[in-house]
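K.L.:
take a look and give me a structure for this.
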Amino acid sequence: MRAWEDIRRDLAGSGLNAVGVADGADWQDWLPGCRAVVVVGSGGPALWTAFHAWVQEDPRRLTHEPHPLDRFVRERLAASDAAGPGRRWVFADSAQDPPAPMQPLALAAGLGWRSRLWLVLHPDHGPWLGLRAACFTTEPLAVDGPLRGPSPCDGCPAPCAAACPGAALAGGMLDWRSCADHRAASDSCLDACHARAACPHGAASAYPPAAHAYHHDKARGRAALCAALGVDDVVGAAGIDRRG
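P.N.:
Below is the predicted model:
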């Protein structure tokens, strides 16, 4: 069975560059005998860069696949030969049933703190962290989290709240209903989350506009990516899970 050090190195080369380990004691329902959970994420634009090169090699990967980024992540994990006895992989995508509790796992694995936006706030990448997969394992691994000490949100003047055109952070934490109501009534947030973009922590890791649009709304972001590559989207927006 392949060692985790080698797996981490391979995944980082594909943009899956944020990996943490949580204690497995609380996750026996997911894998009896679980001793650790390896949580895999992507920080900054590295995953998008690798994904963009992958679809450029063969645009059919984009135009004929409902969730091409999800497929890319699964293929990268398969290529790293990360499966093995005593390991159960779950994914943060629409095909995962039951849905994996990715945010609690990421917090337990030390990948960051919960932010005002309810996103995991990574120590280096800030809110520009995507949670992609987790492996429940019976292997005894050193645990990385949860993180100790104050979150960068503590004492922050909250430019995220000021930047939100829907005032969805007026109460201090994101109000999902206010966010959804504003997006339904206005075009101001079609391609980006202004609050996320305004966070000063990890600003150097911000996604490029095309990636931000894709993660913000998969259907619109997918259409924009197809247009940028000059290809017709065979699948289209029908049936696409819009969550990024």
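K.L.:
in contact with the residue nearest to Ser188 when sequence neighbours are not counted, which residues?
P.N.:
Leaving aside its sequence neighbours, Ser188 sits nearest to Pro165 (CB to CB, 6 or more residues apart in numbering; 4.7 Å). No exception for glycine: its C-beta is placed from N, CA and C like everyone else's. Going by CB atoms under 8 Å, 6 or more residues apart in numbering, Pro165 touches 182, 186, 188-189, 194.
K.L.:
now do the domain split for the chain, please.
P.N.:
Per automatic domain parsing, the domain ranges recorded for the chain read 4-143+202-229, 157-199.
K.L.:
past the helix or strand containing Ala162, which element shows up next along the chain?
P.N.:
Per DSSP states H and E: Ala162 is located in helix 159-163. Using DSSP H and E, the next helix or strand after helix 159-163 towards the C-terminus is helix 176-185.
K.L.:
helix/strand/coil for the closest residue to Ala83 other than its chain neighbours?
P.N.:
The shortest distance from Ala83 to any non-neighbouring residue, by CB to CB, 6+ apart, is to Trp89 (6.8 Å). Assigned by DSSP: H, G, I helix; E, B strand; the rest coil, the conformation of Trp89 is strand.
K.L.:
tell me who's in contact with Trp89.
P.N.:
Neighbours of Trp89 in contact, by CB under 8 Å, 6+ apart: 77, 82-83, 133-135.
K.L.:
now flag whichever of the residues you listed is closest to Gly33.
P.N.:
Cys135 (13.8 Å; CB to CB).
K.L.:
and that closest one, what element?
P.N.:
strand 129-137.
K.L.:
same question, Leu77
P.N.:
helix 68-79.
K.L.:
who does that helix touch, helix- and strand-wise?
P.N.:
Applying 3 or more CB pairs under 8 Å, 6 or more residues apart in numbering; DSSP states H and E, one finds that helix 68-79 makes contact with helix 4-12, helix 46-57, helix 60-63, strand 87-91, strand 129-137.
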